[in-house]
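*Asks:* Sequence and predicted structure below; questions after.
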Amino acid sequence: MSKKRKNENIVFNVSVLLTVAFIIWGIFFTESLSIITTTFFNGTIDYFGWIYLGAAIFFVLFSVYLLFSKYGHIRLGKETDKPEFKTGSWLAMLFGAGTGVGIIYWSVAEPVFHYTSPPTGKGHTEAAANLAMEYTFFHWGFHPWAIYTVIGLALAFFQFNKGLPASVSSAFYPLLKEKIHGPIGKTIDILAVFATIFGIATSLGLGAKQISGGLNALFGIPNTLLIQIIVIAVATILFLISLSTGLKRGIQYLSNTAMILSFLIMFLVLVLGPTSMIFKVFFNTMGGYVSDFVDMSLNLEPFGDSKWIGSWTLFYWAWWIAWAPFVGMFIARISKGRTIKEFVIGVLFVPSLGTFAWLSIFGGSVLNMIHNLGQKELATQITSNVDLSVFSFFDYLPASSLLSIVGFAVMMIYYITVADTSTFVLGMLSERGNLNPSNKIKITWGVIQSMVAAVLLLAGGLQVLQTASIAAAFPFAIIMIVMCWSLFKALKEEIKEDFTSIQKEKIS
């Protein structure tokens, strides 16, 4: 094998070796891994939580600035490039990658958790219900989508406008220059692969538990470890089949189907649930969210108990940042031909508004059942078994069987879509930014992802892995801030070059 070939494979080879080493650590030394990762994560939350808050609000402000700035007209790619995907498919794919299966059950479970144990005041009150919806909007709204916006935009700009490889290291070219092709760049890309593989493996393991719970609720199939492993195996076969058909067929078709079914189940719950109440929840919560936006974004309770903020807000910000390399890379890949203004609107605002609608329908309905209709037992069912939360909720609505079947289908499709898209991204990162990685590499990563999830489920180390992957978000938060500076510097140069070209044309 030539030296050049070895250099090209170094990201893949080192990433695989690190993954295997980490799996062995997680299986045979679960306790030590748990202690180390938990200590590190808790330390970052306790002493550097302000960095998470500061970074998240900065990403929102930076995204909004780019939307209204002189850079908004810049097209990702050549001026003659047209979007590769229709807007509907583009939005469906980025939404599926950005939220995945989590939005389905947390839209029910999180409002209930905040209602029973609010950050301030007493639980089970009207104030607690309003605050519960407000914080659920906050955790799933502009902040996470801004995180995806800045990294996706940076990666897309350097790929399509500067002709650099589709890798995370390329976003640092204005600062590192040719060093992005050397050890520093390789290290950045290896860290991105490493963070992606464990973040997704964690999601596959947790998702398998949710799907197994759904099988139990729908068909009475026992929710056992064996069934969860079978779910991972079947899902692996399905997403590998989809993966082999390519981006424009498998992933696009799955995302479009998931979006259609999502609209269907939202409509059904809107009609079958408390319709008027849902609209009130949407507008009331939007008002509270907007008016309290700055306060919630910077709140750390320095003179009080900050445990709730650490357990929820800071945990979420770290989780979104941990997912950022994978989601940002995928969004960049499908966004060629769109202007920066279109990109920010499509990645920051449209998914956020869609999420707010989803949360109002599901969260508003479940809180109406518990608070207004007095169905307190539903709150207990949901908080005691999150995996079954959405199915417990459906049991209290008309046509519960239909809702459960459609909900299970949406959950399964999002599960496969996330595995599909993450494997595609891992292939890109492993092949020096190849926009269409080989099936061999994609299948290899697909199998590795599923094996990591299955093995750690068996070993009881899934929660440990989740903590480890989120702990890795701390250094990446700082990396993303530097990435914003690198992008800003490159955009200034782009405008300057355009101005110089125009002046030369006038002179000639």
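*Replies:* Yes, it's here. Keep in mind that this is a model prediction, so the values were computed, not measured.

*Asks:* so which strand or helix has the nearest residue to residue 102 once chain neighbours are set aside?
*Replies:* Spatially, and ignoring its direct neighbours in sequence, residue 102 is nearest to residue 203 (7.6 Å; CB to CB, 6 or more residues apart in numbering). (Each C-beta comes from the backbone N, C-alpha and C, glycine too.) In the assignment (DSSP states H and E), residue 203 maps to helix 183-219.

*Asks:* what's that helix packed up against?
*Replies:* Under the contact criterion of 3 or more CB pairs under 8 Å, 6 or more residues apart in numbering; DSSP states H and E, helix 183-219 touches helix 3-28, helix 225-244, helix 315-333, helix 389-394, helix 400-430, helix 439-459, helix 462-471, helix 473-507.

*Asks:* For residue 152, which of those is the nearest?
*Replies:* Nearest to residue 152 among these is helix 315-333 (3.7 Å), distances taken as CB to CB.

*Asks:* after the closest one comes which helix or strand?
*Replies:* helix 340-344.

*Asks:* Now do the contacts for the residue nearest to residue 102.
*Replies:* Under the criterion of CB atoms under 8 Å, 6 or more residues apart in numbering, the neighbours of residue 203 are 100-102, 418.

*Asks:* Residue 254 versus the most centrally placed residue in the chain, what's the distance?
*Replies:* The centroid of the chain falls nearest to residue 98 when counting by CA atoms, centre = their mean (3.7 Å). As for residue 98, its distance to residue 254 is 15 Å (criterion: CB to CB, to the nearest Å).

*Asks:* ok, now residue 309?
*Replies:* Per CB to CB, residue 309 is found 36 Å from residue 254.

*Asks:* Enumerate every residue touching residue 62.
*Replies:* 146, 150, 484.

*Asks:* how many other residues sit next to the first one?
*Replies:* This means residue 146. Per other CB atoms under 10 Å, the neighbour tally for residue 146 reads 25.

*Asks:* Thought residue 66 was touching it, still the case?
*Replies:* No - using CB atoms under 8 Å as the test, residue 146 is too far from residue 66 to be in contact (10.5 Å).

*Asks:* who touches residue 148 in this structure?
*Replies:* By CB under 8 Å, 6+ apart, the contact list for residue 148 reads 94, 98, 320, 324, 327-328, 331, 347.

*Asks:* how about those, which pair is most distant?
*Replies:* Spatial extent of the contacts of residue 148 (CB to CB) is set by the pair 94 and 320 at 14.1 Å.

*Asks:* wait, which of the helices and strands packed on helix 183-219 is closest to residue 270?
*Replies:* Nearest of the helices and strands packed on helix 183-219 (CB to CB): helix 400-430, 11.7 Å.

*Asks:* what angle do the closest one and helix 3-28 make?
*Replies:* 140 degrees (axes from the mean of the first three to the mean of the last three CA atoms, to 10 degrees).

*Asks:* which of the residues in helix 400-430 are buried?
*Replies:* Within helix 400-430, the residues that count as buried by 16 or more other CB atoms under 10 Å are 403-404, 406-430.

*Asks:* What is the nearest of the contacts of residue 62 to residue 23?
*Replies:* For those, the closest approach to residue 23 (CB to CB) belongs to residue 150, at 31.4 Å.

*Asks:* Residue 466 is in contact with residue 206, correct?
*Replies:* Yes - when contacts are counted by CB under 8 Å, residue 206 is listed as touching residue 466 (7.5 Å).

*Asks:* Residue 193: what's it in contact with?
*Replies:* Counting by CB under 8 Å, 6+ apart, residue 193 touches 11-12, 15, 426, 429-430.

*Asks:* now the residues you listed as JSON lines including pLDDT and distance to residue 36?
*Replies:* Listed next are the contacts of residue 193 as JSON lines, based on pLDDT from 0 to 100; distance: CB to CB, whole Å:
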{"residue": "11", "pLDDT": "78", "distance to residue 36": "25"}
{"residue": "12", "pLDDT": "77", "distance to residue 36": "26"}
{"residue": "15", "pLDDT": "80", "distance to residue 36": "21"}
{"residue": "426", "pLDDT": "83", "distance to residue 36": "25"}
{"residue": "429", "pLDDT": "78", "distance to residue 36": "26"}
{"residue": "430", "pLDDT": "76", "distance to residue 36": "27"}
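
*Asks:* Return the residues in contact with the closest residue to residue 59 other than its chain neighbours.
*Replies:* In space, residue 59 comes closest to residue 146 once its chain neighbours are excluded; the distance is 4.1 Å by CB to CB, 6+ apart. Contact analysis of residue 146 by CB under 8 Å, 6+ apart lists 56, 59-60, 62-63, 348.

*Asks:* Looking at these, which are in helices?
*Replies:* 56, 59-60, 62-63 (DSSP state H).

*Asks:* what's near enough to touch the nearest residue to residue 471 once chain neighbours are set aside?
*Replies:* Residue nearest to residue 471 in three dimensions, not counting chain neighbours: residue 41, with 4.1 Å by CB to CB, 6+ apart. Residues in contact with residue 41 (CB under 8 Å, 6+ apart) are 318, 467, 470-471.

*Asks:* Show me the shaky parts of the stretch 401-508 of the chain.
*Replies:* Applying pLDDT under 70 to the stretch 401-508 of the chain flags residues 432, 459-462, 465, 497-508.

*Asks:* what do you get for the stretch 151-300 of the chain?
*Replies:* 246-248.

*Asks:* buried stuff in stretch 299-309?
*Replies:* Buried residues in stretch 299-309, counted by 16+ other CB under 10 Å: 306, 308-309.

*Asks:* ok so, going back, let's have the contacts of residue 203 in JSON lines, adding distance to residue 139 and secondary structure.
*Replies:* Putting these into JSON lines (distance: CB to CB, whole Å; DSSP: H, G, I helix; E, B strand; the rest coil) gives the following:
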{"residue": "100", "distance to residue 139": "15", "secondary structure": "coil"}
{"residue": "101", "distance to residue 139": "16", "secondary structure": "coil"}
{"residue": "102", "distance to residue 139": "11", "secondary structure": "helix"}
{"residue": "418", "distance to residue 139": "19", "secondary structure": "helix"}
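
*Asks:* Scan those and report the most crowded one.
*Replies:* residue 418 (27 neighbours).

*Asks:* check contacts around the residue nearest to residue 414 when sequence neighbours are not counted.
*Replies:* Counting by CB to CB, 6+ apart, residue 414 lies nearest to residue 101, which is 4.4 Å off, once chain neighbours are set aside. Applying CB under 8 Å, 6+ apart to residue 101 gives the contacts 203, 207, 210, 411, 414-415, 418.

*Asks:* next one: residue 70
*Replies:* residue 495.

*Asks:* so how far is residue 492 from it?
*Replies:* 10 Å.

*Asks:* Which members of the contacts of residue 41 are the farthest-apart pair?
*Replies:* Using CB to CB, the pair of the contacts of residue 41 lying farthest apart is 318 and 467, separated by 9.9 Å.
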